[in-house]
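1. Show me the folded form of this:
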Amino acid sequence: MIFPPHFRELAWRELDAPLDLLVIGGGITGAGVLHEAALRGLRVGLVEQGDFASGTSSRSSKLIHGGLRYLKRMQLRITRLACRERDLLLGANPHLVWPVRFLYPSFADDSTPGWQVNLGLTMYDHLAPGRHHHERLETGAVAGLVPALATEGLEFGLLYDDAAADDARLVLAVVAAGVAAGGSALNHARVEGLLFDRAGRVEGAAVRDLPTGTVHRVHAAVTVNATGVWCDAVRGLLGSVPARLRPSRGSHLLFPRELLPLDVAVTALAGDDGRPVFCVPHPEGTLVGTTDLFHEGGLDAPRPSADEVAYLLRFVARVFPGRRLGIADVCGAFAGVRPILDSHADEPSEASREEEIWEERGLVSAAGGKLTTYRATAEEVVEAVIGLLPEQRREAFPPAHPASAALPWRAVPARVAAALRHEGVVPDVAAGMARRLGASALLVASTAERKALRPLADGLDLCAAELLFHLRFGAVEHLDDLLLRRVRLGMWQPRVCLELAPRLRSVLRRPAGWGFVRWQAELERVGNAVANWLPPEAA
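-> As a prediction, this is how the structure comes out:
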């Protein structure tokens with residue numbers, strides 16, 4: 001992802017002119033709408049009150065998947081759509097989305113019999129014909145594939161294909177692609193009120209630039225509310241409106257890879273309630289999740305509850321009994337709040353994940369949906385926006401096209417890493433840069449001094465050159481933007497992040513233009529932010 005230097009000044013200059021479309025919200029839905037609208041020629045701007053992807057879109061299970069469990073409730077449309085979008089994203093963006101092989105172990109005491117799951121996977125295969133075919137494995141093959149897996153009561157295993165991504169990195173890439181296509185985007189820009197015409201219809205928003213405190217009146221023919229779990233709060237700026245959302249919370253635990261090593265992802269049923277829980281290997285560690293509970297309380301900094309942590313630890317103990325993992329082995333924990341539409345379901349897992357788009361007095365709201373289907377949701381939103389524009393303008397825009405799935409700096413990470421190693425970059429740093437930056441890692445390495453490409457500390461795959469690149473071209477306003485969402489150190493290794501942050505003064509302070517007082521404020525801010533990702537007993 002690359003944002004031009006001084007992008008804030010450039011963006012405000014463009015936002016001060018009338019727009020076709022103002023997008024409120026810089027998560028995956030807002031990012032998708034920005035990109036789609038810009039590609040189709042609309043004058044579009046986006047504002048986000050925090051950092052891009054700082055809400056639910058950096059706190060998901062990080063799966064790009066069809067949603068096997070939706071088949072159990074015969075939600076065929078969302079599953080078919082998600083399978084299509086998964087395959088589009090996989091083919092177009094190997095630097096952002098990668099294939100993951102999943103193992104489903106069937107145990108004799110499972111609440112859902114294995115033959116039913118096998119039948120569901122057969123349906124799953126047919127939703128993406130010609131590319132994905134699940135396999136049945138006998139117990140010996142299962143044990144060979146995942147040696148740590150429980151064997152007592154194991155009947156057989158099922159292998160199937162899905163995909164994964166770093167959610168925040170995907171959002172940032174989509175926002176940057178929207179900017180490159182002609183849109184404007186600003187993080188740390190808070191909507192403080194809506195603007196109305198004489199007929200009482202929305203015609204934009206009053207937006208405060210948080211770094212400067214300046215308030216701008218941004219005028220737009222149509223305004224889109226893509227704020228996720230804050231959707232009802234923004235709708236409340238219209239006046240008295242009935243709530244449409246009933247958010248649910250999903251919590252996750254992170255383990256060092258050496259403590260829970262997996263060559264394939266594992267999804268199995270929790271002994272408590274029969275819900276599927278994932279264990280997904282990433283280069284940085286192993287992610288275990290998720291829970292599904294109705295969320296009560298604040299939305300800005302959700303935390304896993306003690307009960308959720310215990311639930312996930314019981315799952316790990318049941319499925320991987322020989323690893324003897326407990327809370328002391330957890331290196332990180334986080335919760336995300338899903339913007340689920342209120343369908344009066346008794347349990348959040350029974351609620352549909354399908355998106356819904358509606359208009360109220362010129363404000364178009366979008367809620368529901370999945371990370372995987374962001375592009376399809378964006379197409380629907382932009383079609384709705386075009387339908388609200390003056391009639392003489394509606395024919396000016398081309399139709400949606402699947403090419404919008406392709407995002408900049410496409411590259412095969414393994415090849416980028418090999419090229420970096422050939423230039424003398426140590427293997428861990430080369431792999432990390434290739435994973436986080438795609439083809440732009442080659443640009444970083446070609447312009448950096450050799451010493452800036454060395455690891456910042458033992459065991460880290462980060463170097464100063466990459467941090468400086470994000471600082472200059474990554475729309476970074478605060479230190480936590482950099483450490484939590486550009487490089488994800490604060491997520492995967494929050495304790496290490498807190499130890500490293502003060503030592504980055506000599507690397508970052510002068511290039512960022514932060515004086516001593518600002519640097520101290522940034523350290524305090526990053527400490528508060530990263531504490532939200534620590535395991536519960538360490539927070």
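2. From here on, just use CA atoms for contacts and neighbour counts.
-> Noted.
3. I would like the residues contacting the one helix or strand Glu466 maps to, please.
-> Glu466 belongs to helix 464-473 when elements are defined using DSSP states H and E. Applying C-alpha atoms under 8 Å, 6 or more residues apart in numbering, the external contacts of helix 464-473 come out as 1-5, 433, 444-445, 448-449, 452-456, 476, 482, 486, 507-508, 511-512.
4. Beyond the helix or strand bottoming out on mean pLDDT in the chain, next helix or strand please.
-> One helix or strand of the chain scores below all others by mean pLDDT, DSSP states H and E: helix 68-72, with a mean of 68. As assigned by DSSP H and E, the chain's next helix or strand after helix 68-72 is helix 76-92.
5. Dump the helix holding Glu466 to CSV, keeping only the CA atoms.
-> Extracted in CSV, the C-alpha atoms of helix 464-473 (Å, rounded to 0.1, in the frame of the first residue of the first chain):
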residue,chain,number,x,y,z
ALA,A,464,14.1,0.1,10.3
ALA,A,465,13.8,0.5,6.5
GLU,A,466,10.3,-1.0,6.5
LEU,A,467,9.1,1.1,9.5
LEU,A,468,10.3,4.3,7.7
PHE,A,469,8.6,3.2,4.5
HIS,A,470,5.3,2.8,6.4
LEU,A,471,5.8,6.1,8.2
ARG,A,472,6.3,7.9,4.9
PHE,A,473,3.9,6.1,2.6
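6. So which bits of that helix are buried?
-> Ala464, Ala465, Glu466, Leu467, Leu468, Phe469, His470, Leu471, Arg472, Phe473 (16 or more other C-alpha atoms under 10 Å).
7. how much space is there between the last one and Asp51?
-> Computed as C-alpha to C-alpha, to the nearest Å, the Phe473 to Asp51 distance reads 14 Å.
8. In this model Asp273 seems to touch Thr112, though I could be wrong.
-> No: look at Thr112 against Asp273 with C-alpha atoms under 8 Å: they stay out of range, at 10.6 Å.
9. quick one: which of the two has more around it?
-> Thr112 (14 against 10; other C-alpha atoms under 10 Å).
10. how many neighbours does the closest residue to the more buried one other than its chain neighbours have?
-> Spatial nearest neighbour of Thr112, chain neighbours left out: Gly274 (7.3 Å); criterion: C-alpha to C-alpha, 6 or more residues apart in numbering. Neighbour count for Gly274, taken as other C-alpha under 10 Å: 12.
11. next SSE after the helix or strand hosting Thr286?
-> Assessed by DSSP H and E, Thr286 sits inside strand 285-289. Reading on from strand 285-289 to the C-terminus, the next helix or strand found by DSSP H and E is strand 293-294.
12. For whichever helix or strand comes after that next one, which helices and strands make contact with it?
-> Once the chain leaves strand 293-294, the next helix or strand it forms, by DSSP H and E, is helix 306-319. On a contact count with 3 or more C-alpha pairs under 8 Å, 6 or more residues apart in numbering; DSSP states H and E, helix 306-319 meets strand 248-255.
13. Now do stretch 412-420: distance to the chain's middle.
-> Centre-to-centre, stretch 412-420 and its host chain are 24 Å apart (C-alpha atoms, centre = their mean, to the nearest Å).
14. Mind listing what's buried along that stretch?
-> Val412, Pro413, Ala414, Val416, Ala417, Ala418, Ala419, Leu420.
15. what separates the nearest residue to the second one once chain neighbours are set aside from Leu484, distance-wise?
-> I take that to be Pro413. Distances taken as C-alpha to C-alpha, 6+ apart place Ala434 nearest to Pro413, at 5.1 Å, with adjacent residues excluded. Note on Ala434: its distance to Leu484, by C-alpha to C-alpha, is 18 Å.
16. Kindly report the same for Phe397.
-> 37 Å.
17. and the two? which has more neighbours close in?
-> With neighbours defined as other C-alpha under 10 Å, Phe397 and Leu484 compare such that Leu484 has more, 23 against 14.
18. got the buried residues for stretch 230-250?
-> So, applying 16+ other C-alpha under 10 Å, buried residues of stretch 230-250: Trp230, Cys231, Asp232, Val234, Arg235, Leu238, Leu245, Arg246, Pro247, Ser248, Arg249, Gly250.
19. What residues does Val507 make contact with?
-> With C-alpha under 8 Å, 6+ apart, Val507 has these contacts: Ala464, Leu468.
20. helix/strand/coil for it?
-> helix (DSSP: H, G, I helix; E, B strand; the rest coil).
21. What are the boundaries of the strands in the stretch 301-450 of the chain?
-> With DSSP state E, counting those that start in this stretch as the definition, the stretch 301-450 of the chain shows strands at residue ranges 332-338, 356-360, 363-367.
22. The residue of the chain positioned farthest from its centre in helix, strand or coil?
-> Largest separation from the mean C-alpha position in the chain: Arg198, at 38.9 Å (C-alpha atoms, centre = their mean). Under three-state DSSP, the three-state class of Arg198 is coil.
23. Could you report the pLDDT at it?
-> Note for Arg198: predicted pLDDT of 95.
24. Filter the contacts of helix 464-473 down to the ones in helices?
-> Met433, Val444, Ala445, Val507, Leu508, Pro511, Ala512 (DSSP state H).
25. Run a quick neighbour tally on the fifth one.
-> When you say that, I think you mean Leu508. 17.
26. Spit out the contact partners of it.
-> Leu468.
27. The same query, at a cut-off of 7 Å, please.
-> Contact analysis of Leu508 by C-alpha atoms under 7 Å, 6 or more residues apart in numbering lists nothing.
28. can you tell me how far the residue lying closest to Leu76 once chain neighbours are set aside sits from Arg80?
-> The shortest distance from Leu76 to any non-neighbouring residue, by C-alpha to C-alpha, 6+ apart, is to Tyr70 (7.4 Å). Taking C-alpha to C-alpha as the measure, Tyr70 falls 10 Å from Arg80.
29. just Arg495 next, same as before
-> Counting by C-alpha to C-alpha - Arg495 and Arg80 are separated by 40 Å.
30. what's the answer for Ser404, then?
-> 19 Å.
31. same thing with Tyr124?
-> Tyr124 sits 8 Å away from Arg80, going by C-alpha to C-alpha.
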